[in-house]
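**Q** okay, sequence plus prediction incoming.
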Amino acid sequence: MTAPRVDATRIRDHVLRLGEKHPPVDLASADFTVRDPAAVRRRFAQPLDYMARVEMEVERNVLELAVMLPGVSETDRLFYADVWAPQEERHGLLLDTLVRRLDLPPAEPDLDGPTAQVRVLGALAHIPAVQEVIRLLYYLTGAATEKSAMLAYAAMSADLEAMGETAVKRTVVDAIKVQEPGHFAFYRMSAQEMIETSVLKPWQLRIARFIRSKAFSLVGASTPERKADFGGVLVNLGLADDLERTVRDVSRLEHHLLWAQDQGMDVPAYALRAFRDAADSYRERVQGAALAA
Ligand SMILES: [Fe+2]
Ligand SMILES: [Fe+2]
């Protein structure tokens with residue numbers, strides 16, 4: 001067996017470095033000057049609303065994590081409670097401030113406590129063998145979520161640049177964008193470490209594959225309404241133009257870690273289906289609204 005490329009020390013170092021290198025963005029460093037507010041509203045109202053909401057929901061995510069990962073390791077706790085949550089919270093605040101400055105309706109995050117589904121998972125998570133499966137799924141979901149955010153902010157940044165909105169591009173979107181890859185790297189390394197050190201027995205891996213393929217969750221898209229909202233981000237930021245490429249990017253890690261033995265499977269079909277459904281339901285909603293008008 002070859003030595004694992006990722007070990008617990010490396011992951012912990014990464015988290016510590018992340019905390020030092022990326023303190024939460026200082027709100028005072030943001031310049032919300034917009035040259036053409038009407039154009040920015042037209043272009044970004046929908047994706048901004050969604051992104052602001054998801055970033056602001058971090059508070060609820062932390063509560064859910066505490067329930068879902070009862071035996072959490074010190075490194076995991078350090079990451080999500082001390083590094084990740086404070087950064088994401090500030091992302092939400094920055095986007096929410098931008099939304100308000102643009103005279104758009106404020107985002108309405110869902111800050112209710114953990115859902116029944118999460119509580120059931122939390123109860124099962126007290127069984128160590130189940131806990132390990134949930135932990136792998138948490139890392140894979142986290143990686144897909146962060147990668148989606150990276151793609152969304154990259155598209156927003158490029159569009160704002162093209163529109164000449166350099167203040168908001170540099171001090172808001174890019175300031176957020178630069179913090180997402182470190183989150184992605186944490187989830188990637190953590191999932192990789194679990195696989196490389198064979199933490200999961202083959203039967204646990206089979207369960208992880210099964211659950212992932214049946215319940216691939218989109219970022220913050222827990223209801224049909226929100227699924228369509230996520231689809232809106234894909235459509236409005238041009239990520240649906242080449243949906244297969246987007247999904248390949250988002251699911252590359254799990255494809256590699258869970259499905260590598262399935263030769264010929266280029267993009268996990270369940271992920272492609274989830275993204276396509278989301279984009280379709282957004283388009284249907286827009287069409288329905290146009291017909292009703
Ligand atoms: Fe973020
Ligand atoms: Fe993030």
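**A** That came in fine, so what should we check first? Residues are numbered from 1 along each chain as shown. Ligands and ions are numbered 1, 2, ... in the order given.

**Q** measure the residue lying closest to residue 277 once chain neighbours are set aside to ligand 1 for me?
**A** Nearest residue to residue 277, sequence neighbours excluded (Cβ to Cβ, 6 or more residues apart in numbering): residue 227, at 6.9 Å. In this view, the C-beta of every residue, glycine as well, is placed from N, C-alpha and C. Distance, residue 227 to ligand 1, using Cβ to the ion, to the nearest Å: 20 Å.

**Q** also residue 123?
**A** Applying Cβ to the ion to residue 123 and ligand 1 gives a distance of 30 Å.

**Q** where does residue 66 sit, in terms of helix or strand?
**A** Secondary structure from DSSP states H and E places residue 66 in helix 58-68.

**Q** against which helices or strands is whatever helix or strand comes next after that helix packed?
**A** Sequence-wise, the next helix or strand downstream of helix 58-68 (DSSP H and E) is helix 74-77. Where contact means 3 or more Cβ pairs under 8 Å, 6 or more residues apart in numbering; DSSP states H and E, helix 74-77 is packed against helix 8-21.

**Q** quick one: pLDDT of the residue in the chain positioned nearest to ligand 2?
**A** The nearest approach of the chain to ligand 2 comes at residue 183, 3.8 Å away (Cβ to the ion). Here the pLDDT value assigned to residue 183 is 97.

**Q** and for it, nearest residue in space, chain neighbours not counted?
**A** residue 146 (4.5 Å).

**Q** enumerate every residue touching the one you found.
**A** Residues near residue 146 by Cβ atoms under 8 Å, 6 or more residues apart in numbering: 180-181, 183-184, 187.

**Q** kindly recompute the last result at 7 Å.
**A** 180, 183-184, 187 (Cβ atoms under 7 Å, 6 or more residues apart in numbering).

**Q** most neighbours, which of those residues?
**A** residue 183 (24 neighbours; other Cβ atoms under 10 Å).
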